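> Quick one, fold the following:
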Amino acid sequence: MNKDKMNQRRGFIFYRSFLAAIDELPPEYRPILLDAIVRYALCGQAPDFSQRENAFIYRAIWANIQPVLQKDINHFIAGLNGGAPEGNSNASKQPKTTKNNQPPSMMEDGKMKDGKMKDGKMKDGKMKDGQMKDESVTRTHPVSSLFPTIEEVRIYCRENNLAAINVEHFFKHYEASGWLDKFGNPVNWKQKAIDWDEHDKADAKEKEPPLAKDYGFTIL
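Sure thing, here's the model as predicted:
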């Protein structure tokens, strides 16, 4: 084990299974096993239980703990080397990249293989200015029609007799949200204006003072 690299390790994972195994030991055995775990995980120093009383107990528990510690050590050293541990299946799965930084299995002559990606968003294998072009998406409205000016809101409300709506309040509310609903979709502001007008009418009606009851005579 590379001692210089192990000296760079600042910590390690202490798994709950370690604690469960240690709890099964008599109290006088526990510090010895804890010391063995720490020194192996941080320094790569293998313990020697041969001179310990009942050494077979230590060896039995260590046989379950050591492989877990070693696996973490392998990952740590691989991280210092900038790659997956030797023999790790992930190391063989890394695809070679082209000059466009795309895996060769996905790129063919500047186009995506088979003309599509797995999620189906690519169509006809076309790319434009180095970016993928999704021809299945078309814009049916210009951006300006999605986001009105306050004057456009006033005109629409006036032409449709939406007299109860507070135009300034309505405009500021949806301008602050970017004219998007809670799901991030553009709102239909004309329909929202109608809804607000009906709501404001109902709200104003609730605030009207009750009419005096007619008892059929006049109190002087």
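> Show me where this structure has its strands.
For the chain, strands defined by DSSP state E occupy the ranges 107-108, 111-112, 127-128, 131-132.
> Could I get the average pLDDT for the third one?
This points to strand 127-128. The average pLDDT for strand 127-128 rounds to 46.
> Likewise for the last one?
Here the mean pLDDT over strand 131-132 is 46, rounded to a whole number.
> repeat for the second one
The predicted model gives strand 111-112 an average pLDDT of 48.
> tally of neighbours for residue 17?
By other Cβ atoms under 10 Å, 11 other residues sit near residue 17. C-betas here are computed from N, CA, C, even on glycine.
> Would you quantify the distance from it to residue 149?
65 Å (Cβ to Cβ, to the nearest Å).
> what's the domain layout of the protein?
Domains of the chain are assigned by automatic domain parsing as 3-89, 143-200.
> how about these in CSV, adding distance to residue 207 and mean pLDDT?
Putting the domains of the chain into CSV (distance: least, Cβ to Cβ, whole Å; pLDDT from 0 to 100) gives the following:
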stretch, distance to residue 207, mean pLDDT
domain 3-89, 62, 86
domain 143-200, 11, 87
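> Looking at those domains, spot the one closest to residue 208.
Nearest to residue 208, of all the domains of the chain, is domain 143-200, at 12.7 Å by Cβ to Cβ.
> how about the helix ranked longest in the chain: buried residues?
Longest helix in the chain by number of residues, with DSSP state H as the criterion: helix 55-81. The neighbour-count check on helix 55-81 (16 or more other Cβ atoms under 10 Å) flags 57, 58, 61, 62, 65, 66, 69, 73, 76, 77, 78 as buried.
> can you put these in CSV and add distance to residue 168?
Shown next, in CSV, are those (distance: Cβ to Cβ, whole Å):
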residue, distance to residue 168
57, 80
58, 79
61, 74
62, 75
65, 70
66, 72
69, 67
73, 66
76, 61
77, 65
78, 62
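> which one of these is nearest residue 9?
Lowest distance from residue 9 to the buried residues of helix 55-81 (Cβ to Cβ) belongs to residue 76, with 5.8 Å.
> For the closest residue to the closest one other than its chain neighbours, list the residues it contacts.
Nearest non-adjacent residue to residue 76, counting by Cβ to Cβ, 6 or more residues apart in numbering: residue 9, 5.8 Å away. Contact analysis of residue 9 by Cβ atoms under 8 Å, 6 or more residues apart in numbering lists 41, 42, 73, 76.
> Now render these as CSV, adding distance to residue 201.
Putting the contacts of residue 9 into CSV (distance: Cβ to Cβ, whole Å) gives the following:
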residue, distance to residue 201
41, 72
42, 73
73, 72
76, 69
